[in-house]
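Student: I need the structure of the sequence given here:
(one chain, ligands or ions: 1)
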Amino acid sequence: MILSREEERVLSGEEGEARAKAMEILCAVGKIYGADGLLPVSSAQVSGVSYKTIGDAGLEFLADFAAKGAKAAVPSFLNPAGMDRENWKAMGVPPAFAEKQLEILRAYGKMGVSATCTCAPYLIGIRPRLGEHVAWSESNAISFANSMLGARTNRESGVTALASAITGKTPNFGLHLDENRKAGLIVEVDAEMGRMTDFGALGLIAGREAKDRIPAFEGIPRKPASEDRMKSLGAAMAASGSVALYYAKGITPEWRLAGEPGKLESIAVTKRELEEEKAKMSSADSVELVTIGCPHASLSEVREVAGRVKGKKLKVSLWVCTSRETKAEAEKLKYVKAIEEAGGLVVADTCMVVAPLEEMGYKRTGVNSGKAASYLPSFCGQKVRFSDVEELL
Ligand code: F3S
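Tutor: Numbers count the residues shown, from 1 in each chain. Next comes the predicted model:
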């Protein structure tokens, strides 16, 4: 890798131990993947925030990095934590967990990483432009940035995204380069796609089929393909496969194929396959908890839930997971009040997967997200009901 004089200085420790360490991490990754050098990034989105996922070892690493004077050099923001920072008691989070979680947030705060605690930064105005290079690490956010916005990021880990936050750089390889942004699989959608779970189920199927290829969708109608539905599609593909970029004809700003359309492998996905996928992901007939907002709910998703539960009383727990910003908007519009009066919670800063659900006694959870349906059994020991909001509520 060829480094600039300034990058060499950082690496040699002239700007402090923390920046040198961050530069060392990025250079090591760059060498492994054959990067020719480093690129400036305009932002970093850092995962590895929940105490449930990073544990004491992660907390120690962050505290040490913060103590060495690490500071974000570009706008940087956090993925969800393991609990709502303000409302964790109402969620039923164990105090010992909460204490560790707050320590993690303090360490990130010391480094100047903003505690947005959302996996959908694109819903709170953090939207890199077409061609802009960023270093993001939450898989659905990566997919949305690359696909729906046409920005450029690799699938960063929490550590490499933090290293990018501190240096403002990322190694130049993978999805930062035009030649690696070409689709190798056409997915023809031969189904109506009227419901949110259609997009989650399609994502789960396409993610598995794509393997390490970039999928290009034909036949997703523009009208029901709202950003909410496309975020669900991208999240599910990132969960069942490692899809960090996809194209959808007439929807995504870019459309690049790795060859002549007729010569690429192509698969068709029918309505019957979508329904079979949904049935396969559902292992619970009844639920104790319904969670909406994977990826984090938009204001219109919060509104939909509020409209459905207003004036009613819920028999099971309900969490609507969203960002603190969206929750504040929903409070002004009285959506939070309607949900809380029905007995539900609008939970900020966290989600059903990174919160300690199993420690909180839940065993059966209803979700409308393909990604959550895919992760909850293994990450949280849950049986899952994968259905649309109207059925779950
Ligand atoms: Fe976000 Fe949690 Fe889903 S981080 S994408 S809500 S698993």
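Student: count of residues packed around residue 360?
Tutor: Residues within reach of residue 360, counting by other Cβ atoms under 10 Å, total 15. Just so you know, the C-beta spots here come from the backbone N, C-alpha and C atoms, and that holds for glycine as well.
Student: hang on, it packs against residue 88?
Tutor: No: here residue 360 lies out of contact with residue 88, judged by Cβ atoms under 8 Å, at a distance of 10.7 Å.
Student: Can you classify residue 188 by secondary structure?
Tutor: Under DSSP: H, G, I helix; E, B strand; the rest coil, residue 188 falls in the strand class.
Student: wait, what's in contact with it?
Tutor: Neighbour list for residue 188: 217, 218, 219, 266, 267, 268, 269 [criterion: Cβ atoms under 8 Å, 6 or more residues apart in numbering].
Student: ok, which residues in the stretch 201-350 of the chain are in contact with the ligand?
Tutor: 235, 294, 295, 296, 321 (Cβ under 6 Å from any ligand atom).
Student: Please, which helix or strand holds the residue of the stretch 51-200 of the chain found nearest the ligand?
Tutor: Using Cβ to the nearest ligand atom, the closest approach of the stretch 51-200 of the chain to the ligand is made by residue 119 at 3.1 Å. Following DSSP states H and E, one finds residue 119 outside all helices and strands.
Student: wait, it sits on residue 80?
Tutor: Yes: assessed by Cβ under 8 Å, residue 119 is found in contact with residue 80 at 5.5 Å.
Student: Need the residues touching each of the two.
Tutor: 296, 351.
Student: So for residue 333, what's the nearest residue that isn't a sequence neighbour?
Tutor: Spatial nearest neighbour of residue 333, excluding adjacent residues (Cβ to Cβ, 6 or more residues apart in numbering): residue 303 at 7.2 Å.
Student: Check which helices and strands the helix or strand harbouring that neighbour sits against.
Tutor: Per DSSP H and E, residue 303 falls inside helix 299-309. Applying 3 or more Cβ pairs under 8 Å, 6 or more residues apart in numbering; DSSP states H and E, one finds that helix 299-309 makes contact with strand 289-297, strand 317-322, helix 324-332, helix 335-342, helix 389-392.
Student: Please list all residues in contact with residue 178.
Tutor: residue 256.
Student: That one and residue 311: what is the separation?
Tutor: Distance, residue 178 to residue 311, by Cβ to Cβ, to the nearest Å: 54 Å.
Student: and what of residue 107?
Tutor: 43 Å.
Student: Break down the stretch 51-200 of the chain into its strands, ranges please.
Tutor: Counting by DSSP state E, counting those that start in this stretch, the segments of the stretch 51-200 of the chain that form strands are 76-78, 135-136, 169-171, 185-190.
Student: who in the stretch 51-200 of the chain is up against the ligand?
Tutor: Counting by Cβ under 6 Å from any ligand atom, the stretch 51-200 of the chain comes close to the ligand at 80, 119, 140.
Student: For these, give me a markdown table that also has pLDDT.
Tutor: Listed next are these as a markdown table, based on pLDDT from 0 to 100:
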| residue | pLDDT |
| --- | --- |
| 80 | 97 |
| 119 | 98 |
| 140 | 98 |
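Student: Closest one to residue 382 out of those residues, please.
Tutor: Closest approach between those and residue 382, by Cβ to Cβ: residue 80, at 17.1 Å.
Student: Okay, now the unreliable bits of the stretch 151-300 of the chain?
Tutor: Within the stretch 151-300 of the chain, no stretch has pLDDT under 70.
Student: give me that answer again for 80
Tutor: Counting by pLDDT under 80, the ranges of the stretch 151-300 of the chain that qualify are 261.
Student: ok and the residue in it nearest the ligand?
Tutor: For the stretch 151-300 of the chain, the residue positioned closest to the ligand under Cβ to the nearest ligand atom is residue 294, at a distance of 3.3 Å.
Student: Just give the number of residues close to that residue.
Tutor: Neighbours of residue 294 (other Cβ under 10 Å): 30.
Student: again, but for residue 264
Tutor: Residue 264 sits with 16 neighbouring residues when counted by other Cβ under 10 Å.
Student: list the contacts for it?
Tutor: So residue 264 contacts 183, 184, 185, 186, 257, 258 (Cβ under 8 Å, 6+ apart).
Student: ditto for residue 160
Tutor: For residue 160, the contact set (Cβ under 8 Å, 6+ apart) comprises 25, 26, 29, 135, 137, 170.
Student: Contacts for stretch 53-60, please.
Tutor: So stretch 53-60 is in contact with 48, 51, 61, 62, 82, 100, 103, 104, 107, 158, 354, going by Cβ under 8 Å, 6+ apart.
Student: Could you give me the ChimeraX syntax to select whichever of those residues are buried?
Tutor: To isolate the buried ones among the contacts of stretch 53-60 in ChimeraX, judged by 16 or more other Cβ atoms under 10 Å, type:
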select :48,51,61,62,82,100,104,107,158,354
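Student: can you list contacts of stretch 241-256?
Tutor: If you take Cβ under 8 Å, 6+ apart as the criterion, stretch 241-256 is touched by 130, 139, 142-143, 146-150, 153-155, 175, 178, 181-183, 206-212, 214-220, 222, 225, 230, 233-234, 237-238.
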